[in-house]
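**Student:** The following block contains a protein sequence and its predicted model.
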Amino acid sequence: MIAEIHAGLLALLASLRDAEWAAPTEAGRWTVKDVALHLLDGDLIQLSIGRDGDLSGLLDASGDHRQFVAALDAKNQRWVEAAHGLSSRVVTGLLRWSGERVGRYYATVDLTGPARVSWASDGTVPVWLDLAREMTERWAHQQHIRDATGRPGGHDRFLPAVLATFAWAFPYQYRPEAPPGTAVQVDFGGGGRWLLTRAAGGWVLGEGTVPHPAAALRMPPHLAWRQLTGLPVPAGEYATEGDDRLAAPLLAVRGIIV
């Protein structure tokens, strides 16, 4: 999927007019070109840190979380500003080069090895979840570009996999108290349906539905990815049901570092 999403990105960028590269996106203050540069930075980081083992660009995540997020945002912004003078042709060419090499690197990794996904666990997770996280970031940023330029294409075919990855944020971030066996429904329609069941040690994620959950969040998939990445979602186009003490915290879950 990462390779397919990247191929879609290259085709999308090649189709853009010069003015569209300057179009604003929903990715903060970034334009289409800024988002493309950020995706290039992501590829180069994967090659430098993951493939080559050069940790000089790795930020210290051991301290205060808010300070880490601020440092990460500042680092990302410095890259975008420093590389802004590159032409769209150069950016697209570099992304083609980096994407090929990232694909070769990913083909060599042990999917069962240890990795970190800070929005899904305090400890280590399998590498496959980290690669799935990479897929969601690439998908979401390309969606920012598609939305900004009015070019949806067939990009939403990956949305169920994106939401299935984001679902792993729920058992980690969702922490209200409830009796063991309590079931809470997360329903993203065609994007997937999940259950959070209260166990002795916390909430356990599973797939499926129950007839009468204690609480539920029901949201269409085209809004669910926005909600889970912190973008605005119209209040009237989704529903929470049941015990508000259990339903409201579902809206605070995010599949990104915040």
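**Tutor:** Okay, I see it. No experiment lies behind these values; they were computed from the predicted model shown. Numbering: from 1, shown residues only.
**Student:** For the residue lying farthest from the centre of the chain, give me its contacts.
**Tutor:** The centre of the chain is farthest from one residue, residue 179, which by C-alpha atoms, centre = their mean lies 31.2 Å away. Residue 179 is in contact with residue 198, counting by C-beta atoms under 8 Å, 6 or more residues apart in numbering. To be clear about C-beta, it is placed using only N, CA and C from the backbone, and glycine gets the same treatment.
**Student:** Provide the backbone phi and psi angles at it.
**Tutor:** Backbone torsions for residue 179, taken as degrees, to the nearest 10, come to phi -60, psi 150.
**Student:** per-residue confidence at the closest residue to residue 54 other than its chain neighbours?
**Tutor:** Computed as C-beta to C-beta, 6 or more residues apart in numbering, the closest residue to residue 54 that is not its neighbour in sequence is residue 48, at 4.9 Å. Residue 48 is assigned a predicted lDDT (pLDDT) of 97.
**Student:** number of nearby residues for residue 159?
**Tutor:** Neighbour count for residue 159, taken as other C-beta atoms under 10 Å: 19.
**Student:** One more: residue 130?
**Tutor:** Under the neighbour criterion other C-beta under 10 Å, residue 130 is assigned a count of 20.
**Student:** That one contacts residue 114, doesn't it?
**Tutor:** No - at 9.2 Å, residue 130 and residue 114 do not qualify as touching, with contact defined as C-beta atoms under 8 Å.
**Student:** Now do the SS call for the residue nearest to residue 181 when sequence neighbours are not counted.
**Tutor:** Counting by C-beta to C-beta, 6+ apart, the nearest residue to residue 181 once its immediate chain neighbours are dropped is residue 198, at 6.3 Å. For residue 198, the assignment made with DSSP: H, G, I helix; E, B strand; the rest coil gives strand.
**Student:** mind listing what residue 198 touches?
**Tutor:** If you count contacts by C-beta under 8 Å, 6+ apart, then residue 198 has 178-184, 204 around it.
**Student:** For it, list each beta-bridge partner.
**Tutor:** Beta bridges link residue 198 to residue 203 when assigned by DSSP bridges.
**Student:** do you know how far it is from residue 68?
**Tutor:** According to C-beta to C-beta, to the nearest Å, residue 198 stands 30 Å off from residue 68.
**Student:** Nothing else from me, thank you.
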